[in-house]
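Participant: Quick one: sequence and predicted model below, then my questions.
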Amino acid sequence: MLLFRPSRFSDLPAVERIAALSPIGVTSLPANRDTLYRKIQASVDSLGADVSFHGEESYFFVLEDTSKGEIVGVSGIVASAGFNEPFYSYRNETIIHASPGLGIHNKIHALSLCHDLTGNTLLASFFILKPYQFTQYSDLLSRARFLFIANFPERFAESVVSEMVGVSDANGHSPFWDSVGRRFFGMDYQEAELYCGVKGRKFISELMPQHPIYVPLLSDAAQAAIGQVSPDSAVPFDVLLREGFETENYVDIFDGGPTVHARTQNIHSILQSRLVSAHRGHQRPGTPHLIANCRCEFRATVAELTLPRGDDITLDPKLADALEIADGDHVRIVPL
Amino acid sequence: MLVRSIRSDDLEALLQLARSTGVGVTTLPANEDRLRRRIDASLASALAAPKPENSSFVFVLEDPGKEVVGICGIEGAVGLSEPWYNYRVGLSVHASRELAIYRQLQTLFLTNDLTGSAELCSLFLRPDFRHSNNGSLLSKSRFLFLAEFPERFSPRVIAEMRGVSDENGRSPFWEGLGRHFFKMDFSEADYLTGIGQKSFIAELMPQHPVYTSFLTDEAQAVIGQVHENTRPALAMLNGEGLRYNGYVDIFDAGPTLECALVDIRAVRDSHCYAVEPVQAAKGDKLYLISNRRLDDFRVCLATTAPTGGGLPLLPEILRQLDLKPGDSVRAVPLSSRERAGDITI
C-alpha cells in the first residue's frame, strides 16, 4: 500500500536521496541535509502546534510504500508564502499603447516584480519517483494535501498557489533566465537556484529589477518560455490544472514558469470531498477514491470504494488500520 | 554671407531647403503649412511681450546672391503647450554583499525634465555651403541674439543633436526600442515629430524605466551618440560650453546638450561696441557681429579688433548689417580657441 503521511526525522536519509533526484527548479527541495532536516523539524513542530490562524507553519509529507518501507515521493505545504522572507513573483501585466489618431493599438505585456501572492498558502517540494509519475499515486501525493487543508481550514489561507518549474534546455540553460536574471545576477541559473534554496530569497530584492520588464524587449526564446512548464513539472501541473488552478497571471521570476493559483474552497478535491464515519467490516468494492483521516497525524491513501448514501462507510480493517482510525472516526473521501 | 531674421517671402526658399534635408532634422519638415506657421510665429515673436513662452525665432543664412542656403532657430521655452520628452540615462546598482555581487545597470527614464528650457533648433546648412565658417556663423549667430535679448529666453539653453542613423534612415536605437511599441519606421516617426505629433508618439513609448541591457548591442552603443554628420556641430557647441548631461532623444537617443544661457562662451564674452567706420580692415581676428535689432536682426563675420574708439568695420559690413551712423554693434570672437598663428605682437 502507498501511504501519504507527515514526514518524520527517521525519513531524513530517504528524503535526501529523493531530493538529490529532483530537478534544479524545485528550489524548495535542495539536496542539502541541514535544509531538509529543518523542513522536517518545521513540519513536526507545525503539526504539534495549536494553530487558530495560518502563520509560519509548514508541512512536509512523504509517500511511503508500506510493503517495502520505502519513500517514493515527497510534497509540502507552506501555510503562508513569504511569512519569513519576501515571496516574489512577476505579475503578467497588459499595457495598451493606443492612439486613435495615429491608427495604433498595441497590446504590450510587461512583467512586474510583485509580492501579490505573499500570505497565500503555497504548495511546494513536490517530487515523485519516475515509476509512480502520472499514476494515481502522483494524484495521491499532490491531492492528499487538499484533504489535509479541508480538514484544517484554519491552518491555511483562502488562496493556494504553486510555482511550476519553467523550461530550460538540455544543458540546464533557462532562456528566460539568460534574458532576464543573468543581467542582474551575473551568474548561471543553476547557481542562482542553489542560492535561493539554501540562502533564502531575500537577496532577490537586492538584485532583481524593481521596474517592470517589457516583454517585447526580451529574446524570442525568453518570450516563448513565459508561462511554459518544464517536463519536470508536468506531473504536478497536470494535477493542479485538473483541480481548477489558473495559470495566466503570475510567473516565476527566475525561469518564467507559471505560478498557478486557486481559491482554496474552489479546489476540486476540497469542494467535492465528503466527511463520513468509518467502521471496520466488509468493504464494498467500487472505484478508486482518495481517503484520509481527519487528524494531525494525517494518513491518506487510494482505495477502491463505493461512496455510501448515508454518513457511514464500512472499511476493510487493514485500510482502517493504515489510516489509524478508530471505529466511528470521520474520514474524508473524494473520487480519484 | 549674412544671417538675418526670417521674412514672409522666404517661404518658397525654405520649402526648397527643407526638401534637401535628411532624416533627423525634425524641426524642418518639408511641410508647407508647418513652415508657414514657423515663419508667422517668428514674426509674431518679435512683436510679442518679452517672455520665453512668446519666443519662437527663426533666422536664415543668405549668400551674397541673396539666396537662402541655411536656417536656424531658437525656441524661448519648450514643452509649455505639449509635453517635452527626453530619456534620462540613469544608473541602477544591484548589489548583494552576501553573494558578493555588484552590478551597475544603465536605465532610461522617460522624463519631462527639460520642460521650459530654451532650445537651439532647426539648424540646417545646404551641403555645398558647408565651408568657410558658414556653419559657425549660422549656428553661433543665435548666441548674439540670446545675449541681446536674454529676457525672451529661458535661463537654461538646450540643443538636441541628431542621433545615429544609417543612409536608409534606419536608427539602431529605434529598432531596439521604439519599433517594439509602434509598427512604424524611424523616418515616419521622425516626420510625425516634425509636424508636431511628437507627444502623441511619446505617449505610446514605454512609460516605465527601461534597462538598456534589454536592448540590442547596436541600440546600446548609440545612446548619447551623434550622427556622423553632426560631429562638427557637436564639437562647436561643446566649444561654446554646451554639455551632454545624460538626456537623450526618445527616438534616436541622440544627446541633448545643456548650458546656462549666461555661461555660453559667445554670450558671456560678447560686448557692445560703437561702430568705427574704416576703409581698411584692422585686426586679424574673425568676429561675429550683430546689429542688435529685434525685428531685423543681422549677423555677419568680419576680421577686426576692438580699439579704444569702438569696433573698426568696413563699409561693406555696415551695409550688410544695415547700420546707420551712431548705431552700435554686439560682437564676439567667432572662436573661443586662439591658434598660435593668430597671435600678433
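Facilitator: Noted; the coordinates are in hand. Small disclaimer: the values here were computed from a predicted structure and weren't measured.
Participant: And the nearest residue to A:S230 once chain neighbours are set aside, how far from chain B?
Facilitator: Of all residues not flanking A:S230 in the chain, A:V165 sits nearest, at 4.2 Å (C-beta to C-beta, 6 or more residues apart in numbering or on different chains). In short, each C-beta sits where N, CA and C put it, glycine included. Between A:V165 and chain B the distance is 22 Å, computed by C-beta to the nearest C-beta, to the nearest Å.
Participant: Can you get me a residue count around A:V165?
Facilitator: 28 (other C-beta atoms under 10 Å in any protein chain shown).
Participant: In the chain, where is pLDDT below threshold?
Facilitator: Looking at chain A here, since you left the chain open. The model of chain A has pLDDT under 70 over residues A:24-28, A:197-198, A:200-202.
Participant: I was thinking of chain B, sorry if that wasn't clear
Facilitator: Ranges of chain B meeting pLDDT under 70: B:21-28, B:194, B:198-199, B:337-345.
Participant: Tell me where it has helices.
Facilitator: Remark: helices assigned in chain B by DSSP state H are B:11-19, B:32-47, B:134-148, B:172-173, B:179-181, B:186-192, B:198-202, B:217-221, B:231-239, B:265-268, B:315-320.
Participant: now for the ones you listed, which one comes closest to A:H105?
Facilitator: Proximity to A:H105 (C-beta to C-beta) singles out helix B:179-181 among the helices of chain B, at 11.7 Å.
Participant: Which elements pack onto that closest one?
Facilitator: Helix B:179-181 sits against strand A:104-114, with contacts defined as 3 or more C-beta pairs under 8 Å, 6 or more residues apart in numbering or on different chains; DSSP states H and E.
Participant: and the next helix or strand after the strand it packs on, C-alpha only, in PDB?
Facilitator: On the C-terminal side of strand A:104-114, the closest following helix or strand by DSSP states H and E is strand A:121-128. Output in PDB follows, covering the C-alpha atoms of strand A:121-128 (Å, rounded to 0.1, in the frame of the first residue of the first chain):
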ATOM      1  CA  THR A 121      -0.800  29.100   1.000                       C
ATOM      2  CA  LEU A 122       2.000  27.600  -1.100                       C
ATOM      3  CA  LEU A 123       2.200  24.000  -2.400                       C
ATOM      4  CA  ALA A 124       5.800  23.100  -2.600                       C
ATOM      5  CA  SER A 125       8.500  20.500  -2.600                       C
ATOM      6  CA  PHE A 126       6.600  18.100  -4.900                       C
ATOM      7  CA  PHE A 127       8.600  15.200  -6.300                       C
ATOM      8  CA  ILE A 128       7.700  11.600  -7.000                       C
END
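Participant: Strand A:121-128 pairs with which strands, parallel or anti?
Facilitator: strand A:70-78 (antiparallel), strand A:159-163 (parallel) (DSSP bridges).
Participant: Format those as TSV; extra columns: distance to A:R280 and mean neighbour count.
Facilitator: Shown next, in TSV, are the strands paired with strand A:121-128 (distance: least, C-beta to C-beta, whole Å; neighbours: other C-beta atoms under 10 Å in any protein chain shown):
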stretch	distance to A:R280	mean neighbour count
strand A:70-78	27	23
strand A:159-163	34	25
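Participant: and B:P209, what does it touch?
Facilitator: A:211, B:90, B:92, B:107-110 (C-beta atoms under 8 Å, 6 or more residues apart in numbering or on different chains).
Participant: what do you get for A:I270?
Facilitator: Here A:I270 is in contact with A:146-147, A:149-150, A:264 (C-beta under 8 Å, 6+ apart).
Participant: again, only using 6 Å
Facilitator: Contacts of A:I270 were listed using C-beta atoms under 6 Å, 6 or more residues apart in numbering or on different chains, and they are A:146, A:150.
Participant: A:D232 and A:S22: what is the separation?
Facilitator: 8 Å (C-beta to C-beta, to the nearest Å).
Participant: returning to what we had before: sort out which one of the contacts of B:P209 lies nearest B:P172 for me.
Facilitator: Top of the list for closeness to B:P172, among these and by C-beta to C-beta, is B:L108 at 14.5 Å.
Participant: Would you check that the closest one makes contact with B:Y87?
Facilitator: Yes - taking contacts as C-beta atoms under 6 Å, B:L108 lies within contact range of B:Y87: 4.2 Å.
Participant: still on that earlier bit, could the helices of chain B go into JSON lines alongside mean neighbour count?
Facilitator: Below are the helices of chain B laid out as JSON lines (neighbours: other C-beta atoms under 10 Å in any protein chain shown):
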{"stretch": "helix B:11-19", "mean neighbour count": "16"}
{"stretch": "helix B:32-47", "mean neighbour count": "16"}
{"stretch": "helix B:134-148", "mean neighbour count": "23"}
{"stretch": "helix B:172-173", "mean neighbour count": "28"}
{"stretch": "helix B:179-181", "mean neighbour count": "19"}
{"stretch": "helix B:186-192", "mean neighbour count": "21"}
{"stretch": "helix B:198-202", "mean neighbour count": "19"}
{"stretch": "helix B:217-221", "mean neighbour count": "15"}
{"stretch": "helix B:231-239", "mean neighbour count": "16"}
{"stretch": "helix B:265-268", "mean neighbour count": "20"}
{"stretch": "helix B:315-320", "mean neighbour count": "16"}
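Participant: For these, give me JSON lines that also has distance to A:I40.
Facilitator: Shown next, in JSON lines, are the helices of chain B (distance: least, C-beta to C-beta, whole Å):
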{"stretch": "helix B:11-19", "distance to A:I40": "78"}
{"stretch": "helix B:32-47", "distance to A:I40": "75"}
{"stretch": "helix B:134-148", "distance to A:I40": "76"}
{"stretch": "helix B:172-173", "distance to A:I40": "55"}
{"stretch": "helix B:179-181", "distance to A:I40": "49"}
{"stretch": "helix B:186-192", "distance to A:I40": "61"}
{"stretch": "helix B:198-202", "distance to A:I40": "57"}
{"stretch": "helix B:217-221", "distance to A:I40": "49"}
{"stretch": "helix B:231-239", "distance to A:I40": "67"}
{"stretch": "helix B:265-268", "distance to A:I40": "75"}
{"stretch": "helix B:315-320", "distance to A:I40": "94"}
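Participant: Any idea which of those helices gets closest to A:S138?
Facilitator: helix B:179-181 (41.1 Å).
Participant: for chain A, what are the nearby residues on the stretch 151-300 of chain B?
Facilitator: Within reach of chain A by C-beta under 6 Å from any C-beta of the partner chain, the stretch 151-300 of chain B has these residues: B:180-181, B:200, B:204, B:206, B:208-209, B:213-214.
Participant: if we go to 8 Å?
Facilitator: B:177, B:180-183, B:192, B:197, B:200-201, B:203-204, B:206-211, B:213-215 (C-beta under 8 Å from any C-beta of the partner chain).
Participant: Sitting in strands, which of these do you find?
Facilitator: Among these, the residues falling in strands (DSSP state E) are B:210-211.
Participant: Chain B contacts on chain A?
Facilitator: A:95, A:97-99, A:101-102, A:104, A:106, A:108, A:110, A:179, A:183-187, A:195, A:199, A:203, A:206-214, A:216-218.
Participant: re the thing from before, hang on, isn't the residue nearest to A:S230 packed against A:G257?
Facilitator: Yes - applying C-beta atoms under 8 Å, one finds A:V165 in contact with A:G257, separated by 5.3 Å.
Participant: Quick check: end-to-end length of stretch B:81-91?
Facilitator: By C-alpha to C-alpha, to the nearest Å, the extent of stretch B:81-91 from end to end equals 30 Å.
Participant: next one: stretch B:111-121
Facilitator: Using C-alpha to C-alpha, the two ends of stretch B:111-121 sit 20 Å apart.
Participant: That stretch near chain A at all?
Facilitator: No - Stretch B:111-121 lies apart from chain A when judged by C-beta under 8 Å from any C-beta; the minimum separation is 14.0 Å.
Participant: Now do that stretch: everything it contacts.
Facilitator: So stretch B:111-121 is contacted by B:27, B:52, B:55, B:72-80, B:83-88, B:139, B:142, B:146, B:153-160, B:237, B:247, B:256, B:258, B:261 (C-beta under 8 Å, 6+ apart).
Participant: List buried residues within these.
Facilitator: By neighbour count, with 16 or more other C-beta atoms under 10 Å in any protein chain shown, these hold B:27, B:52, B:55, B:72-79, B:84-88, B:139, B:142, B:146, B:153-154, B:156-160, B:237, B:247, B:256, B:258, B:261 as buried.
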